[in-house]
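1. here's a sequence, model it:
(2 chains)
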Amino acid sequence: MQFLFVDRIVDLQPGTTTKGIKHITADDYYMLRDASDRRYFMPALVGEAVGQLSAWNVMMSTDFTMRPVAGISDCARVHRPVYEGEVLSLESTIHRLDDAAVHYDGKAYVGDELVFELMGALGPMLPMQDFIDTEVVKSQFDALFSDDASTSTPKLTQGHVAASLVQFDSIKALEPGISIEAEKTIHADVPYFADHFPKKPVLPLTILLENLMGLSSVLANDPAFKVSEMRRIKMSDFVTPGDIINAKLSVKSFEEDTLVLRGKISRSDKRVCVLEIVMVKS
Amino acid sequence: MNVETVFPKVRDIIADVLVIESDEVAMDARLIADLGAESIDFLDLVFQLEKEFSVKIPRGQIEKNARGNLSEAEFESGGVLTEAGLAALKAYLSEVPADAFTPNMKANEIPMLFTVETFCKLIVAAKSSQVEAEPLGA
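-> Here you go, the predicted structure:
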């Protein structure tokens, strides 16, 4: 199950803008089902697709010697789920790129409809060789421009993501309407480690965010509340296979139809991620 | 604009970046040792300071400011600060206690020295160089 979410790059201006496409198909693995049993692509992974689009530009612009990793984002806004059969048009704009970091924004559309926005993303730059062979990444990049890349990533069996991938193992504490604490072991056999990354497997920030979106729903305890935005996201350390992570979400504010949660994810009491999650009643 | 006038805003930004309370952020607090900053926090902090104060702070600007007229080779050799480099750093980071500077200090250990005041000074310097670059009436 590839953890590569740009099917084709349609335009790339080195160091500045990139446009790409991602088809949401029956064979996509990272799918969930809504209340009416309709299959949709994991919302946080739309952000992954936008981030990967920008990363392709960055990697190409540095002649594949460096790659950005997820670090900070001012805001990731989910406008609506993206369903099987829809086609994502991805765009990213790099504002600044140097040896230390890339600063960029990104958007995803279905047709003319904006479905996802990533604002103020800041990704630290690290040596490519620490993560993946340069020749492998170059060949993946070349394939994104070929005519064969126009439909989708390689076909697989009917997509069916293991629920455990996006759920915490156990709830350690729950004070309804106040806070929740949960724990999860990151197992080595999960499918995303093969691509993320071959030489240094690390938990994708977006998979962590998807887990946190689910945990938010448990705390909200009202299906009418949906995650609309995650902001002030910061990943300060890598989570690797075998790690046990602990997540604490607490209510920061609750006004009318908007619930704001503050989250902290740690490993052995060391902070690995902080963020705020905004839920809106639909 | 001086260190004292920018401090309240810098303090709030540091507190926000490190997810701590503002009153925990003293002028002489060391970001790593006292406030628990990680390397990603420095990236975040500089980004937030740039936005708040409408300045551009190139990566490595503190080291560049400290280096002054010294060339990179005069400042460090093989990743270790030269005698002249250590003296220049000590002079620039005058807010840091002298015993924090050790002989054969590595260049990648410099961030361990940074205090809240270091970032206040960085903002003051960035603002004043901005004024020099854009004289009144320009």
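
2. from here on, just use CA atoms for contacts and neighbour counts.
-> OK.

3. where along chain A do the helices fall?
-> Assigned by DSSP state H, the helices in chain A fall at A:43-61, A:134-143, A:205-220.

4. in chain B, what residue lies closest to chain A?
-> B:Ile40 (5.7 Å; C-alpha to the nearest C-alpha).

5. so which elements touch the helix or strand where that residue lies?
-> Using DSSP states H and E, B:Ile40 sits within helix B:39-53. The contact analysis (3 or more C-alpha pairs under 8 Å, 6 or more residues apart in numbering or on different chains; DSSP states H and E) places helix B:39-53 against helix B:3-18, helix B:116-133.

6. tell me the angle of it relative to helix B:116-133?
-> 40 degrees (axes from the mean of the first three to the mean of the last three C-alpha atoms, to 10 degrees).

7. and helix B:39-53, which residues are buried?
-> B:Ile40, B:Asp41, B:Phe42, B:Leu43, B:Asp44, B:Leu45, B:Val46, B:Phe47, B:Gln48, B:Leu49, B:Glu50 (16 or more other C-alpha atoms under 10 Å in any protein chain shown).

8. just give me the lowest mean pLDDT stretch among the helices and strands packed on helix B:39-53.
-> Among the helices and strands packed on helix B:39-53, helix B:116-133 carries the lowest mean pLDDT, at a mean of 88.

9. buried ones in it?
-> In helix B:116-133, counting by 16+ other C-alpha under 10 Å, buried: B:Val116, B:Glu117, B:Thr118, B:Phe119, B:Cys120, B:Lys121, B:Leu122, B:Ile123, B:Val124, B:Ala125, B:Ala126, B:Lys127.

10. count of neighbours near the residue lying closest to the second one once chain neighbours are set aside?
-> By that I understand B:Glu117. Distances taken as C-alpha to C-alpha, 6 or more residues apart in numbering or on different chains place B:Met27 nearest to B:Glu117, at 5.3 Å, with adjacent residues excluded. By the criterion of other C-alpha atoms under 10 Å in any protein chain shown, B:Met27 has 19 neighbours.

11. now B:Met27: how far from B:Leu122?
-> 13 Å (C-alpha to C-alpha, to the nearest Å).

12. OK, contacts around residue 126?
-> I went with chain A, as the question did not name one. By C-alpha atoms under 8 Å, 6 or more residues apart in numbering or on different chains, A:Leu126 lies in contact with A:Met66, A:Arg67, A:Pro68, A:Val69, A:Ala100.

13. my bad, chain B
-> Per C-alpha under 8 Å, 6+ apart, neighbours of B:Ala126: B:Val55, B:Lys56, B:Ile57.

14. who in the stretch 51-200 of chain A is up against chain B?
-> Contacts of the stretch 51-200 of chain A with chain B, taken as C-alpha under 8 Å from any C-alpha of the partner chain, map to A:Gly71, A:Ile72, A:Ala100, A:Leu122, A:Pro124.

15. now those residues in CSV, with pLDDT and neighbour count?
-> Shown next, in CSV, are these (pLDDT from 0 to 100; neighbours: other C-alpha atoms under 10 Å in any protein chain shown):
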residue, pLDDT, neighbour count
A:Gly71, 95, 24
A:Ile72, 96, 27
A:Ala100, 89, 16
A:Leu122, 96, 28
A:Pro124, 96, 21
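
16. how much space between the residue nearest to B:Glu117 and B:Val3?
-> 9 Å.

17. so what sits against both of those two?
-> Shared contacts of B:Met27 and B:Val3 (C-alpha under 8 Å, 6+ apart): B:Glu117.

18. which residues of chain B score low on pLDDT?
-> By pLDDT under 70, the low-scoring segments of chain B are B:134-138.

19. picking up where we left off before, may I ask which of the contacts of A:Leu126 comes out lowest in pLDDT?
-> Comparing the contacts of A:Leu126 by pLDDT, A:Ala100 comes last, at 89.

20. separation between the closest residue to that one other than its chain neighbours and chain B?
-> Nearest non-adjacent residue to A:Ala100, counting by C-alpha to C-alpha, 6+ apart: A:Met125, 5.3 Å away. Applying C-alpha to the nearest C-alpha, to the nearest Å, the value for A:Met125 to chain B is 11 Å.

21. deepest of the helices of chain A, which one?
-> Mean neighbour counts were compared across the helices of chain A using mean count of other C-alpha atoms under 10 Å in any protein chain shown; the top stretch is helix A:43-61, at a mean of 24.

22. who does the lowest-mean-pLDDT helix or strand in chain A pair up with?
-> None of the helices or strands of chain A scores lower by mean pLDDT, DSSP states H and E than strand A:31-33, at a mean of 91. Strand A:31-33 has its sheet partners listed here by DSSP bridges as strand A:39-41 (antiparallel).

23. contacts for the partner strand, please.
-> By C-alpha under 8 Å, 6+ apart, the residues outside strand A:39-41 that reach it are A:Ile24, A:Asp28, A:Tyr30, A:Met31, A:Leu32, A:Arg33, A:Asp34, A:Pro81, A:Val82, A:Tyr83, A:Glu84.

24. quick one: which of those residues is nearest to chain B?
-> Closest approach to chain B among the contacts of strand A:39-41 (C-alpha to the nearest C-alpha): A:Tyr30, at 28.6 Å.

25. roughly how far apart are that closest one and A:Leu208?
-> Taking C-alpha to C-alpha, one finds A:Tyr30 at 13 Å from A:Leu208.

26. what's the neighbour count on B:Ala73?
-> Other residues near B:Ala73 come to 12 when the count uses other C-alpha under 10 Å.

27. quick check: it vs B:Gln61, distance?
-> Distance, B:Ala73 to B:Gln61, by C-alpha to C-alpha: 17 Å.

28. show the contacting residues for the residue nearest to A:Ala100.
-> A:Met125 touches A:Met66, A:Arg67, A:Pro68, A:Val69, A:Asp99, A:Ala100, A:Ala101, A:Val102, counting by C-alpha under 8 Å, 6+ apart.

29. I'd like to know how far the second one sits from chain B.
-> A:Arg67 sits 16 Å away from chain B, going by C-alpha to the nearest C-alpha.

30. for that residue, name its beta-bridge partners.
-> Going by DSSP bridges, A:Arg67 forms beta bridges with A:Leu126.
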